[in-house]
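>>> Give the three-dimensional model of this entry:
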Amino acid sequence: MGKLDGTTIGFIGLGLMGKPMARNLKKAGAALVIHNRSQGAVNELKAEGMTAAKSAAAVAGRAKVVIMMLSDTPAVENVLTGRNGVVSGLRPGTLVIDMGTTKVMATRVFAAEVAAAGGDYIDAPVSGGTIGAEAGTLTIMAGGSDKAIRRAMPIFDVLGKTTHVGAVGTGQVAKAANQVIVGLNIGAVAEALTLARKAGADPARVRQALKGGFADSRILEVHGQRMIDGVFKPGGKCTTQRKDLSQALELAEALGFEMPATALNMSLYDRLIAAGFGELDHSALIKAIDPEA
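As a prediction, this is how the structure comes out:
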């Protein structure tokens, strides 16, 4: 018996993260009703036993829980309230969960629109990249009512480890904080490993020497290895990281303070994207510091 036997879940957005997340939910026993902008992923998952729906509204009409794993805020708005969007097909009592990284203020508007249609809303952005999505070990930062979170927990337990941060929108606040730390840490590791190489030390041995000390981190472990190997297959794209940093800076501006290190970090991603590396993993930031990487 799977943890989610008898549960029908709608899943919209089957990209790098969404596809393995949907697969894990199916492995746990859920029936998946799926929709995606491009059909390649839909056809792939249909062959694995999932059911395709022609629109976001059709997903909402067939599932009392709808998960969105989308690229940005405009995509969420379009899927929710656009033509044949989730809200137009929503049944009373439906739980809508946004697991992408979306602007905080927009999230609160989306939650109000879903509530007006009779549904509940949770913002539950994740961290952990494709590695975490595939392994079911994502870090989930959730904002919503106690009742909605309790209802979502069997689903979240399949996907990773969840912290209920607070009311709707606070999950996205936590994710903004997460992306600031991730972006700055990637930059720090990139500079440190470049310093090591240019000073005549083996970056791989320097990385090994740092492990276990105060400089150790998941970024040093995973992204540092990618930098040393020069392999930047995307687990999280540079364009996505840049978008997330921009959203964090926008929130800080609205709150009346500056994040100068974050602004500098984003400018490095701008440089990288301008050079044509936007679709690479965000650890490719080292190329903005060391073009030989």
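>>> all helices of the stretch 1-150 of the chain, in order?
Taking DSSP state H, counting those that start in this stretch, the helices of the stretch 1-150 of the chain run over residues 18-27, 39-46, 56-62, 73-81, 86-89, 104-116, 129-135, 146-159.
>>> quick one: average pLDDT of the last one?
Mean per-residue pLDDT for helix 146-159: 97.
>>> what angle separates the helix or strand immediately after it in the chain from helix 18-27?
Using DSSP states H and E, the helix or strand that follows helix 146-159 in sequence is strand 160-166. For strand 160-166 against helix 18-27, the angle by axes from the mean of the first three to the mean of the last three C-alpha atoms, to 10 degrees is 100 degrees.
>>> So that it lines up with my notes, have the first residue be 4 from now on.
With the count now opening at 4, the last piece we talked about shows up as strand 163-169.
>>> Can you tell me which helices and strands strand 163-169 packs against?
Here strand 163-169 touches strand 141-146, helix 149-162, helix 173-201, going by 3 or more C-beta pairs under 8 Å, 6 or more residues apart in numbering; DSSP states H and E. Backbone N, C-alpha and C define where each C-beta goes, glycine included.
>>> Quick one: residues contacting the nearest residue to Lys57 once chain neighbours are set aside.
Excluding its sequence neighbours, the residue lying closest to Lys57 (C-beta to C-beta, 6 or more residues apart in numbering) is His38, at 7.5 Å. Applying C-beta atoms under 8 Å, 6 or more residues apart in numbering to His38 gives the contacts 13-15, 45, 55-59, 61-62.
>>> Bridging across strands, which residues link to His38?
Beta-bridge partners for His38, by DSSP bridges, are Ile15.
>>> circling back: reformat the helices and strands packed on strand 163-169 as JSON lines; add distance to Gly32 and mean neighbour count.
Formatted as JSON lines, the helices and strands packed on strand 163-169 follow (distance: least, C-beta to C-beta, whole Å; neighbours: other C-beta atoms under 10 Å):
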{"stretch": "strand 141-146", "distance to Gly32": "19", "mean neighbour count": "25"}
{"stretch": "helix 149-162", "distance to Gly32": "9", "mean neighbour count": "18"}
{"stretch": "helix 173-201", "distance to Gly32": "25", "mean neighbour count": "21"}
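>>> just to revisit the earlier point, looking at the helices of the stretch 4-153 of the chain, which is nearest to Ser220?
In terms of C-beta to C-beta, the element of the helices of the stretch 4-153 of the chain nearest to Ser220 is helix 132-138, at 14.2 Å.
>>> which residues are in contact with that closest one?
Helix 132-138 is contacted from outside by 19-20, 23-24, 27, 129, 140-142, 162-163, 225, 237-239, using C-beta under 8 Å, 6+ apart.
>>> Wait, a strand at Lys246?
No. Using DSSP: H, G, I helix; E, B strand; the rest coil, the assignment for Lys246 is helix, not a strand.
>>> secondary structure class for the closest residue to Gln228 other than its chain neighbours?
Nearest residue to Gln228, sequence neighbours excluded (C-beta to C-beta, 6+ apart): Arg210, at 7.4 Å. Three-state assignment for Arg210 (three-state DSSP): helix.
>>> give me every residue that touches Arg210.
196, 223, 227-228, 231.
>>> What residues sit buried inside the host helix or strand of Asp273?
Using DSSP H and E, Asp273 falls within helix 263-277. Buried residues in helix 263-277, counted by 16 or more other C-beta atoms under 10 Å: 265, 268-269, 271-273, 275-276.
>>> immediately after that helix, which helix or strand?
Using DSSP H and E, the first helix or strand after helix 263-277 is helix 289-292.
>>> what's that next one in contact with?
Residues contacting helix 289-292 (C-beta under 8 Å, 6+ apart): 190, 192-194, 196-197, 230, 271-272, 274-275, 278, 280, 283, 296.
>>> just those: which has the poorest pLDDT?
Ala296 (87).
>>> what about it, how many residues close to it?
Residue crowding around Ala296 was assessed by other C-beta atoms under 10 Å; the count is 19.
>>> how close does it get to Leu267?
19 Å (C-beta to C-beta, to the nearest Å).
>>> quick one: low-confidence ranges for the stretch 154-296 of the chain?
Within the stretch 154-296 of the chain, no stretch has pLDDT under 70.
>>> How far does the helix holding Asp273 sit from its chain's centre?
Relative to the centre of its chain, helix 263-277 is centred 20 Å away, using C-alpha atoms, centre = their mean, to the nearest Å.
>>> Having no further points to raise, I will conclude here.
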